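Visitor: Mind looking at a prediction? Sequence and model below.
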Amino acid sequence: MFNAPRPAQRYVATSTTGFGGSFVDENPLANSVYDDGLDPWSAAPSPTPTPIPQTSASVFSNVIADATVPSIYHRAFATVDPSNLGETSVNSLSRVLATSSLPAATVDKIVNLVSSKPRVSKLEFFVALALVALAQAGKDVSIEQVASLSTQNTLPEPTLDLAKLQSTSAFNPITSNYRQNSIRSPAPAYSSDDPWSTNPRFPSAPSNNGVFGNAAGGFVNGAPSNLSGSGMPKDWWKKQETVKVTILGHQGFILNRYLVYEVTTERGGSVPRRYSEFVFLWECLTRRYPFRLFPALPPKRIGADEQFLEQRKRGLSRALSFVINHPVIKEDGLLAVFLTEPSFEEWRKHSPISLDEESASKRVDRVEEMSIPSDLEEKLTAIRVRLNPLIEQWQRICILAERIIKRREAAAVRSPPAFRRSYLSAHFTLPPLSPTSSIASLPGSAPSVMSNSFHQSFTGFSLPPLDDQGDLARLTNTLRAVVEVNEQCWRGDDCELSNGVRSGLEQVAAHTQRHSEMSEIRTRSLLDTTLESLKGQRDLYIATRDLFLRHDRLSIDQVERLKKRIDMNSLKLDGIRAAQKEGWQDEVDKLAAVIEKDQATIAAQLSRRVFIRACMWHELRGVLHNRENTLLTQTVKSFAREEQEFAENVANVWLSLGEATENMPYE
């Protein structure tokens, strides 16, 4: 059912709830918050752009065709693509080719043959390795020669020293400063003032009656409600659990083909999970914790491409990270099983699961009830008013930050005009989220043409061409080629001037390569940490809006109707007792039982009202307020510190170059 396309309706800000669409329950935004170029909520499959001049990727798919690729090709590519993104930088390609012992001029020629952009695809990388093998064999280095060998299924194997690649890379001195997200050692236990640490962590065993997650079990739907504490333990932000989601690949055949993810946490290693299993977990959590704050899952899409899958993988990681660090939901037994059980599907077949709402097994005591502020409704209203503007602005921040980061690595290559017209303008729209869009007030924008001006700023109409931007890696290769050509002075004698200048150029090449590698590491760090933190901030406000939507829909009860029915039945009961007709005692007993049942229902629903108020106050005070402030502080400080370290390292590179070329001769 998750493959079914969603209705293609535009998001509007005229909902009766005051929030318009929701990513969970109503129509979502017309643009995706998970992929800034595609709308995964669209009813259509991933679109096929209007035919444009053939790109290098399509050319090389014809070059390689269905030929068997030697294993060294895959090993070499895995060395420079540890995150399995399907592409790598020109700098990384150059470093791999440098281990072939070919002349720098040949390496530079091969790099320029396969790509004119700052990044190369897997196919382009393979073609480059085939060209290296041809050069090593003394044959003609040309794409046509590779295509000919491919048709014969005899792609040549290059001789590469991949061990030398890792041992001599300039990545090593600074990797510790700009390492990618990794699973840290287990976080220390929460301090004693944690109001939610009263139960054992990660319960996963069934309750006594055999139903997993039954309210009678006490702990299975989360920790007991305790709202009289400080809200969050001291230094809670230092004790966040980490989660890593990676793509394992596709499994199954043809119609039954599906994508498998690997989820790695500190709770029990790595487990494989399908997207449908994420959806099942979220449906259960939504039923159990309707008044808790947690983000929606990124959606599924028919015919998803690699870019969409990468964005969805990151969205899954952010959503799961939020949940496992929620002070209440993190203790859920089903969540613990999802993170630790090797075969979640097999476990589900043998374990009944309760979907009872959290309020069915928890009560708010008198002290907790008194801690709820009397002006809670005013506080909720104040948050409602600012949610849409916050979502708009954080969405724009994420888009602009990603553009800046990609331009920084010279990867934001301008799309051909035909592609922009037929593809992006049809599938990237940002309609107003509120009647007074703050984006429309930006320079060069007008409220009536906000989407058009936003397209111009995002899709590249107003950006300078980036296809022919200089690249440090190519500069390094070219400098080394110059050094090789001028290895001997044309005068024929031992020329100190020529030798000194050539030595200086060698130093320039070495330092430009080091700067290129440092920039690549920093860019990847920004994409994996800073940008994901910014998107997490945006997801927090979207999750808050969804919480209000669930609250407006699910907090409705029948207390007033039941009170009226009790009054009517009480009058009827008095009349029957006064008349005392034949069989009146049986009617009295029936009415008394109905009245007693209604009174019990009213008591339960009044108790649920209090619990809902306690939940909302807890989520706003303990989750929203802390996460929107403390985690943003953490992000900003980390960004400032890492940028300072990067700038210092860059300065040290050029300072080192100045020292190395100090003795370059003039005569």
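Guide: Happy to help now that I have it.

Visitor: what ranges do the helices span in the stretch 101-250 of the chain?
Guide: 104-114, 122-136, 143-151, 162-168 (DSSP state H, counting those that start in this stretch).

Visitor: got those helices as JSON lines, with mean pLDDT, distance to Phe639 and mean neighbour count columns?
Guide: For every residue, glycine as well, the C-beta is placed using N, CA and C. Below are the helices of the stretch 101-250 of the chain laid out as JSON lines (pLDDT from 0 to 100; distance: least, C-beta to C-beta, whole Å; neighbours: other C-beta atoms under 10 Å):
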{"stretch": "helix 104-114", "mean pLDDT": "86", "distance to Phe639": "32", "mean neighbour count": "21"}
{"stretch": "helix 122-136", "mean pLDDT": "90", "distance to Phe639": "31", "mean neighbour count": "24"}
{"stretch": "helix 143-151", "mean pLDDT": "86", "distance to Phe639": "42", "mean neighbour count": "16"}
{"stretch": "helix 162-168", "mean pLDDT": "69", "distance to Phe639": "29", "mean neighbour count": "13"}
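
Visitor: What is the burial count for Leu606?
Guide: 12 (other C-beta atoms under 10 Å).

Visitor: where does Thr381 sit relative to Arg608, distance-wise?
Guide: For Thr381, the distance to Arg608 (C-beta to C-beta, to the nearest Å) stands at 22 Å.

Visitor: Compare neighbour counts for the two and give me the winner.
Guide: Arg608 (19 against 11).

Visitor: Enumerate every residue touching that one.
Guide: Ser359, Asp557 (C-beta atoms under 8 Å, 6 or more residues apart in numbering).

Visitor: tell me the domain ranges of this structure?
Guide: What the TED database lists as the domains of the chain is 60-162, 236-362.

Visitor: which one of these has the lowest average pLDDT?
Guide: Of all the domains of the chain, the minimum mean pLDDT falls on domain 60-162 (a mean of 85).

Visitor: Alpha carbons of stretch 550-557, as CSV, please.
Guide: The C-alpha trace of stretch 550-557 is given here as CSV (Å, rounded to 0.1, in the frame of the first residue of the first chain):
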residue,chain,number,x,y,z
ARG,A,550,-2.8,15.1,16.1
HIS,A,551,-3.8,16.9,19.3
ASP,A,552,-6.7,18.8,17.6
ARG,A,553,-8.0,15.5,16.1
LEU,A,554,-7.4,13.0,18.9
SER,A,555,-8.0,15.0,22.1
ILE,A,556,-11.7,15.2,21.4
ASP,A,557,-13.8,13.3,24.0
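
Visitor: how distant is that stretch from the center of its chain?
Guide: 30 Å (C-alpha atoms, centre = their mean, to the nearest Å).

Visitor: And stretch 653-667, by the same measure?
Guide: So, by C-alpha atoms, centre = their mean, the centroid of stretch 653-667 is 44 Å from its chain's centroid.

Visitor: picking up where we left off before, can you redo the helices of the stretch 101-250 of the chain as TSV with distance to Asp332?
Guide: Formatted as TSV, the helices of the stretch 101-250 of the chain follow (distance: least, C-beta to C-beta, whole Å):
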stretch	distance to Asp332
helix 104-114	50
helix 122-136	40
helix 143-151	53
helix 162-168	42
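
Visitor: which residues in the stretch 501-650 of the chain form strands?
Guide: In the stretch 501-650 of the chain, no strands are defined using DSSP state E, counting those that start in this stretch.

Visitor: oh sorry, the question was meant for the stretch 151-300 of the chain
Guide: 243-251, 258-265, 269-274.

Visitor: what packs against the shortest one?
Guide: Applying 3 or more C-beta pairs under 8 Å, 6 or more residues apart in numbering; DSSP states H and E, one finds that strand 269-274 contacts strand 258-265, helix 333-340, helix 344-350.

Visitor: Tell me the first helix or strand C-terminal of the shortest one.
Guide: From helix 344-350 onward toward the C-terminus, using DSSP states H and E, the following helix or strand is helix 366-371.

Visitor: what mean pLDDT would you report for that next one?
Guide: 86.

Visitor: Can you mark which positions in whichever helix or strand comes after that helix are buried?
Guide: Next in sequence after helix 366-371, counting helices and strands by DSSP H and E, comes helix 376-408. Neighbour counts over helix 376-408 (16 or more other C-beta atoms under 10 Å) mark 380, 383-384, 387-392, 394-396, 398-399, 401-403, 405-406 as buried.

Visitor: Any stretches of the stretch 401-550 of the chain with poor pLDDT?
Guide: 409-470 (pLDDT under 70).

Visitor: Please, where are all the helices along it?
Guide: 417-419, 425-427, 450-459, 472-485, 496-525, 531-554.

Visitor: tell me, what residue is most central in this protein?
Guide: The C-alpha lying nearest the average C-alpha coordinate of the chain belongs to Arg314 (C-alpha atoms, centre = their mean; 2.4 Å).

Visitor: I figured Thr544 was touching Arg627, is that so?
Guide: No - the pair Thr544 / Arg627 is not scored as a contact, 9.9 Å apart, by C-beta atoms under 8 Å.

Visitor: So for these two, which sits in the more crowded spot?
Guide: Thr544 (25 against 21).

Visitor: any idea how far that one lies from Thr381?
Guide: 13 Å.

Visitor: and what of Pro158?
Guide: 67 Å.

Visitor: Same check on His618?
Guide: For His618, the distance to Thr381 - C-beta to C-beta - is 18 Å.

Visitor: ok, now which ones touch Thr630?
Guide: Contacts of Thr630 (C-beta under 8 Å, 6+ apart): Trp236, Trp237.

Visitor: repeat that with 10 Å
Guide: Listed by C-beta atoms under 10 Å, 6 or more residues apart in numbering, the contact set of Thr630 reads Met232, Asp235, Trp236, Trp237.

Visitor: Just flag the most distant two among the residues you listed.
Guide: Met232 and Asp235 (9.3 Å; C-beta to C-beta).

Visitor: In terms of neighbours, single out the busier of those two.
Guide: In terms of neighbours (other C-beta under 10 Å), Met232 is the more surrounded of Met232 and Asp235; the figures are 21 against 11.

Visitor: Might one say that the more buried one is in contact with Asn629?
Guide: No - contact criterion C-beta atoms under 10 Å: Met232 and Asn629 do not qualify, at 11.1 Å.

Visitor: With Phe338 as the reference, name the closest of the helices of the stretch 101-250 of the chain.
Guide: Of these, the one closest to Phe338 (C-beta to C-beta) turns out to be helix 122-136, at 31.9 Å.

Visitor: Alpha carbons only: can I get that closest one in PDB?
Guide: Taking Å, rounded to 0.1, in the frame of the first residue of the first chain, the C-alpha atoms of helix 122-136 are listed here in PDB:
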ATOM      1  CA  LYS A 122      31.400   5.300 -10.900                       C
ATOM      2  CA  LEU A 123      31.200   4.600 -14.600                       C
ATOM      3  CA  GLU A 124      33.600   7.500 -15.300                       C
ATOM      4  CA  PHE A 125      35.900   6.200 -12.700                       C
ATOM      5  CA  PHE A 126      35.900   2.700 -14.300                       C
ATOM      6  CA  VAL A 127      36.700   4.200 -17.700                       C
ATOM      7  CA  ALA A 128      39.600   6.100 -16.200                       C
ATOM      8  CA  LEU A 129      41.000   2.900 -14.800                       C
ATOM      9  CA  ALA A 130      40.700   1.200 -18.200                       C
ATOM     10  CA  LEU A 131      42.600   4.100 -19.800                       C
ATOM     11  CA  VAL A 132      45.300   3.700 -17.200                       C
ATOM     12  CA  ALA A 133      45.600   0.100 -18.000                       C
ATOM     13  CA  LEU A 134      46.000   1.000 -21.700                       C
ATOM     14  CA  ALA A 135      48.600   3.600 -21.000                       C
ATOM     15  CA  GLN A 136      50.600   1.100 -18.800                       C
END
